[in-house]
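Colleague: No letters, just coordinates:
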């Protein structure tokens, strides 16, 4: 039973839009007796939540006529019910109360995207009671929906700068607890949308353990009440029998993935052209890149040159089809015999041709879109010589070798400041102990290019302090690596990079695979296990696998590169496993290096003079 | 507290908690006499918009009735489609299909009129009344949505009819295969007549559906004359032959009627294709827009505009102060001048 997070979220949102009424039948006649036309009011974060999942056409299908922002001035629509989907903050409660007092809409169905805390609910209640408009509120509900589901297996909690907040040396305990709680609440929403209680595994120490403990506590509390969200979900037929494993990781586990350059289409678009919420904004146009685009779905993980070839192939095929259509209708007109049946046959040809016109126009639009994107990418790649960066980083991370001249030439050559910084940090991360002369040359080259050194110095400091870092280079076979790493690092996790025939495997993927297989593995044996359903005491009944499904969560910033390797893991396992990947936010290399730079400055490592690299 | 549901709930209903909190807040805020007037006072804000509300609620009632009508019609259409798909030759529920077709046609016609009326009402309300922009958008969108749904129902209806005529042709062929003896005599006149039918069709194809009436009448006349010819040519006193001819005439009438239906439907299809082409462009508008499409831009623009206005206000007021100061200084100088001169 594959868990499709996006479909489940869409089901819940649909039910909410139908005013939480019981759907009478799942197909066709599911509109019930009468369908009211409603107004949807949302706040900013909830608009971002809905936009990858629903479009305006879908909203219209569900009977929503207007979608408005709660913060903007709205006018009265006295005969329509209003559905609110907002985050449970006091400001939102005040605005809703103001709307109710002004009687903007006929009835108010208020849905909070997560559990509304008691004080906020009371604030809303007292405000509406004071203005005597509480009778207009038809329903108040908690929809556990507070995550952005970008694709079927990819979600984000939209908690910006979580990495900075958690690693800030000057952060107060209260702040860190707040961040950890927010992450746990988001993960709770994911678990309840999926309808299963996962088994939680995380490394010892660090934010992962804190989040796991918070989430475990929350799930246990919730499961005490019966009926609860999970029993109701289990009673419906669409639940899976097995529980998935939720693997929590901290970004510090494998830092190099967050900043490296990649050469596949999707990570390139994300990195270079900044794809946000499946939306791409070029200087001239805006594009949507999601599941509705078949070319994107089929080709987004290919390397960039192959993508260009694919576009050309599609264009040739399109031209061929257009010619065929022209022939059938244009040429046919001369040869038509006005005979009864043939008239019908001919009309059929014409009708088919006309019906295929929308499809052809769509294909042409798609080809144009990808051609424009590829052209923009190519321009930037040439400008910044990104292929050189990619090759250099790949060599360092995969082979453990570095071409010193290429490295130094890149550092002093083309490329933005962030590119150079990323290359330098990758250099730092791929070698356990780089020779100091080389290191000095690298630093000198960076300073020459007027690059802000805070991120570099920060990473250097962390590397020396922290034994949890990914730093070992490897050229030998797999088992050797495990032994050697175990010797070196003992109890802490050694994230090593392996060279496999089909490309480099990330440490994350290997760990997830080990966790899902459930066989004794020295790497993951000392991962903590939390099982919210099991009794607190004792380790009896701890289920360690094998698991068919997994949810992988990265605290601090996820990445399409990791997403791809997890998809590949799912596909190549026998039988195929299903992995969902999520993070506090999906960052590209530029944004992450900025967060590192910010941390460096907070730690007082910034070199005087140059400012933060501008965005 | 919650009744057991068959669908996954996955949300927590806090309405009861909310009501309890409202009650306690009310009790805290005001003693009982005020609470008694709470229900009356709650109607206060409503009274102002009551007149507009009544007009609006009529709109809403009509809209929901039309929606219900469309829903029921599509259910009937589903039944019709199932009936029309049956391909057994001897068990043809023609009568039922025809009845259902007539009912659906009437329904669609009535719904069409209702939607047109609703549109007129909506336009009049939007232009005359002092309704907010959101309300006008809401009503316009409702009417558009109803029109789209009605159009899709009509399209479905047309497809069902096309399928039905195709099936009837298939029936005809099979019937001819099974009853081949009668078919042999019947096929000859049928074949003789076909070029005539076709020629008429070619003439009437350009003027589209409205011309079918004029096209059918000469055909009917011709049919009658051919029938007469058939009858007169075979006026030999064999009763069996006459019966056979009667059967033949019936069968050509049937087959001719079917051919006519074919032609009519194809002409309709042609006209629909051209209207489709025209509406295809206009329809693409809303379907693929993202929800957050203009949000950021509009918010940014609004904030920017606000900032500009504030700045302007500041500059105006500061100018005023400046002007006042300058005015006073001028006055002082004037006074001094007057003192000196006068």
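Modeller: Nice, thanks for sending it over. Just so it is clear, the model here is predicted, and its values are computed rather than measured.

Colleague: any low-confidence regions in chain A?
Modeller: Judged by pLDDT under 70, chain A has its weakly predicted residues at A:1-3, A:20-34, A:226-227, A:232-241, A:330-344, A:466-504, A:537-542, A:545, A:606-615.

Colleague: So which other helices or strands are in contact with the lengthiest helix in it?
Modeller: When chain A is parsed with DSSP state H, its longest helix is helix A:340-384. For helix A:340-384, the elements it packs on are helix A:265-272, strand A:286-288, helix A:294-299, helix A:304-326, helix B:180-204, helix B:239-287, judged by 3 or more CB pairs under 8 Å, 6 or more residues apart in numbering or on different chains; DSSP states H and E. (Each C-beta comes from the backbone N, C-alpha and C, glycine too.)

Colleague: In space, what's closest to the closest residue to chain A within the stretch 101-250 of chain B - neighbours in sequence excluded?
Modeller: When CB to the nearest CB is the measure, the stretch 101-250 of chain B has its nearest residue to chain A at residue B:132, with 3.1 Å between them. Of all residues beyond its chain neighbours, the one nearest residue B:132 is residue A:75 (3.1 Å), with distances taken as CB to CB, 6 or more residues apart in numbering or on different chains.

Colleague: can you pull out the strands in the stretch 151-300 of chain A?
Modeller: Applying DSSP state E, counting those that start in this stretch to the stretch 151-300 of chain A gives strands spanning A:154-156, A:199-202, A:245-250, A:279-281, A:286-288.

Colleague: Other residues contacting the second one?
Modeller: Strand A:199-202 has contacts (CB atoms under 8 Å, 6 or more residues apart in numbering or on different chains) with A:208-209, A:211-212, A:215-216, A:243-249, A:515, A:524, A:527-532, A:543, A:547.

Colleague: what does the third one give?
Modeller: Applying CB under 8 Å, 6+ apart, the set of residues contacting strand A:245-250 from outside is A:166, A:187, A:191, A:198-203, A:206-208, A:211-212, A:215, A:508, A:511-512, A:515-516, A:545, A:547, A:549-556.

Colleague: Tell me which of those residues fall in helices.
Modeller: In helices, judged by DSSP H, the following of those are found: A:166, A:187, A:191, A:207-208, A:211-212, A:215, A:508, A:511-512, A:515-516.

Colleague: For those, name the two members farthest from one another.
Modeller: In terms of CB to CB, the ones in helices among the contacts of strand A:245-250 reach their longest pairwise distance at A:166 and A:516, which sit 26.1 Å apart.

Colleague: Please, where are all the strands along the stretch 401-550 of chain A?
Modeller: Chain-ordered strands for the stretch 401-550 of chain A, with DSSP E, counting those that start in this stretch as the definition, fall at A:498-500, A:503-505, A:528-530, A:549-555.

Colleague: and if you look at chain B?
Modeller: With DSSP state E applied, chain B shows strands at B:11-13, listed in chain order.

Colleague: Point out where it drops to low pLDDT.
Modeller: Under the criterion of pLDDT under 70, the regions of chain B flagged as low confidence span B:1-10, B:30-56, B:87-93, B:180-239, B:259, B:262-263, B:266-267, B:269-270, B:272-288, B:293-300.

Colleague: ok, now with 50
Modeller: Across chain B, residues meeting the criterion (pLDDT under 50) sit at B:1-9, B:32-49, B:183, B:185-236, B:280-281, B:284.

Colleague: Leaving out sequence neighbours, find the closest residue to residue A:122.
Modeller: residue B:21 is the one closest to residue A:122 (CB to CB, 6+ apart), at 5.1 Å.

Colleague: I'd guessed that neighbour sits against residue A:128; true?
Modeller: No: applying CB atoms under 8 Å as the test, residue B:21 and residue A:128 come out as separate, 9.5 Å apart.

Colleague: neighbour-wise, which of these two wins?
Modeller: residue A:128 (27 against 22; other CB atoms under 10 Å in any protein chain shown).

Colleague: Which phi and psi values does the more buried one adopt?
Modeller: Summarising the backbone geometry of residue A:128 under the convention degrees, to the nearest 10, its torsions are phi -70, psi -30.

Colleague: what do you get for the one 3 residues further on?
Modeller: Backbone geometry at residue A:131, expressed as degrees, to the nearest 10, gives phi -90, psi 10.
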